[in-house]
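K.L.:
Give me coordinates for this.
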Amino acid sequence: MLLLLLAACSGEEDEGSGVSSGQVASLTPLVMPEGADGAAYDVPLHFGVDGAAPYSWSISAGSLPPGLSLDTSTTQDCRIFGTPSAAGTYNFDISLNCSQGPATFSRSIQVLPAGTLIITTYSLPGGSQGTPYGQNVFAQGGTGVGYSWSVTAGSLPPGLTLDYRANTLSWGSFSVTGNLDQSLGGGKLAEVSGIVASASQPGVFWVHDDSGAGPNFFAIDEAGNVLQEYNLGTSAQDWEDIAIGPGPGGDYLYLGDVGDNGLSRTNCRILRIAEPTVPGSPGAPVTVAHDEFWFVYPGGSQNCETMLVDWSTGAPYLVEKVGTATPRVHKFPMPLSTAWTSGSPVTLTQVSATGTFIATLTGGGSSRDGRRVILRGYSSAREYALPAGGVFDDIFNQAGSSVTVPGGQQYEAICYSGNGASLYTTTEIAGQASAPIQRANATADNGYTTISGTPTQAGSYAFTLQVKDSAGNTATRQLTIVVN
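P.N.:
Prediction:
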């Protein structure tokens, strides 16, 4: 008789020869999970008709991705395993013979390009109610470091928890990558007070002068070469930091005209510029458009030299420069509005900041994945990580960890690289002919998280696990844990 077979990807039905009267043959999973070139792949298959052993499995049409093999198991459970060696989409038929007849199932496996962030754990063993459980889930690839994990749909079995990996990074020593000639243009970079890295243009960094040299900012590389000068049709009272974050339709630069050493300014502003595309070779200074957002602090004037952007909301944050280790932190209400003019400034919102800070903060940056913040002073720095299930505001209530940074000059600028894998810092001229640009690299993540605990309730629990790297890349995997 004809047997209705479940199709893998199209949702339609295949036809095959009978296994037993009145039964419908099924092979799970119905849709094969994706793999990645160079990443281990191991997916179990299960034939849904019992009592028909022995089984004989084969690929009867098409082909598996290069590097993958079909297990020659003689049971109703089989597996496709190996390490794919070429990206692409591969269609094939899996056939089996058993004592009740043959069956064929169409399947497809997509192999992503090498280096793609991917979760390489495809299934998890079951557990028992009241018995301790612990399993690692692995990932690899991506362009950043510092994987973080979360459950985005479904739930773990009651009693089990996921290690979110809410940690700061381990940073190596800083070394000089180049020197910035601060005599450029008659002193337009005589006091570099902010640095931020581009993500869409790897190797590009944005810097600006502290004050007095005009409304200019520059694209440079890590060797200190000036790639292009830009200017804004405005003034530059006291530009203290630069940040990068999301804006309408892409990445934007945020310049903080927020310095107020004498605590005499009645209002301040930040400026937002759509990130320019840097030309292949530098030309005449380019004038670019910008938006201005004027503001006041709720508690009166403050001196600030640190600006950050929350990548999840686009909200700019300002961290006070104060001679004690208890700075105030404020954020902009969203969405930003150009109606916040000098004559009608917005009042910022104060954010709880009960964490451990160093005194006299002069610069900072936030990683693109929204998980980490680096804050530095003239000779020291601390890094902070977003706690499990937290929002960006919660970062400022963490103890953080110390990061050894260069000192001895007037350091007022630090940032993460576009992929979050490096820190860059530089200094104002401080009596030197040029300012060193220095980089430290993070130790790579070990690539796994742990699901552990003691299950308290039997059942089958399906959930979606997400991994994110410091560059903001994400990957998901649907997993199930059966508790008996």
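
K.L.:
Surely Pro387 touches Phe396?
P.N.:
No: between Pro387 and Phe396 there is no contact under C-beta atoms under 8 Å: 11.1 Å. Using the backbone N, CA and C atoms, a C-beta is placed for each residue, glycine as well.

K.L.:
Three-state assignment for Ala153, please.
P.N.:
Under DSSP: H, G, I helix; E, B strand; the rest coil, the three-state class of Ala153 is strand.

K.L.:
Count the residues that sit near it.
P.N.:
If you count neighbours by other C-beta atoms under 10 Å, Ala153 ends up with 11.

K.L.:
picking up where we left off before, neighbour count for Pro387 and Phe396, which is higher?
P.N.:
Neighbour count, other C-beta under 10 Å: between Pro387 and Phe396, Phe396 has more, with 23 against 14.

K.L.:
Pull the contacting residues for the more buried one.
P.N.:
Val329, Val351, Ser352, Ala353, Thr354, Gly355, Val373, Tyr384 (C-beta atoms under 8 Å, 6 or more residues apart in numbering).

K.L.:
any low-confidence regions in the stretch 151-300 of the chain?
P.N.:
Across the stretch 151-300 of the chain, the ranges flagged by pLDDT under 70 are 182-187, 211-212.

K.L.:
swap in the stretch 351-484 of the chain?
P.N.:
Low-confidence segments of the stretch 351-484 of the chain, defined by pLDDT under 70: 429-433.

K.L.:
all strands of it, in order?
P.N.:
Secondary structure of the stretch 351-484 of the chain (DSSP state E, counting those that start in this stretch): strands located at 363-366, 372-376, 381-385, 401-403, 411-416, 422-427, 434-441, 448-453, 459-468, 474-483.

K.L.:
Okay, now the sheet partners of the host helix or strand of Ala243, with direction.
P.N.:
Ala243 belongs to strand 239-247 when assigned by DSSP states H and E. If you go by DSSP bridges, strand 239-247 pairs up with strand 250-257 (antiparallel).

K.L.:
chain center to the helix or strand just after the strand it pairs with: distance?
P.N.:
Using DSSP H and E, the next helix or strand after strand 250-257 towards the C-terminus is strand 268-274. Distance, stretch centre to chain centre, for strand 268-274: 24 Å (C-alpha atoms, centre = their mean, to the nearest Å).

K.L.:
again, but for stretch 33-49
P.N.:
With C-alpha atoms, centre = their mean, you get 26 Å for stretch 33-49.

K.L.:
any idea of the mean pLDDT in that stretch?
P.N.:
In this model, stretch 33-49 has a mean pLDDT of 90.

K.L.:
The strands of the stretch 351-484 of the chain into CSV, with extra columns for distance to Tyr230?
P.N.:
Formatted as CSV, those follow (distance: least, C-beta to C-beta, whole Å):
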stretch, distance to Tyr230
strand 363-366, 20
strand 372-376, 25
strand 381-385, 28
strand 401-403, 30
strand 411-416, 17
strand 422-427, 18
strand 434-441, 19
strand 448-453, 42
strand 459-468, 32
strand 474-483, 32
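
K.L.:
thinking again about what came up before, now do the strand holding Ala243 against strand 411-416: the angle between them, please.
P.N.:
10 degrees (axes from the mean of the first three to the mean of the last three C-alpha atoms, to 10 degrees).

K.L.:
what's the angle between strand 239-247 and strand 268-274?
P.N.:
Relative orientation of strand 239-247 versus strand 268-274 (the same axes, to 10 degrees): 50 degrees.
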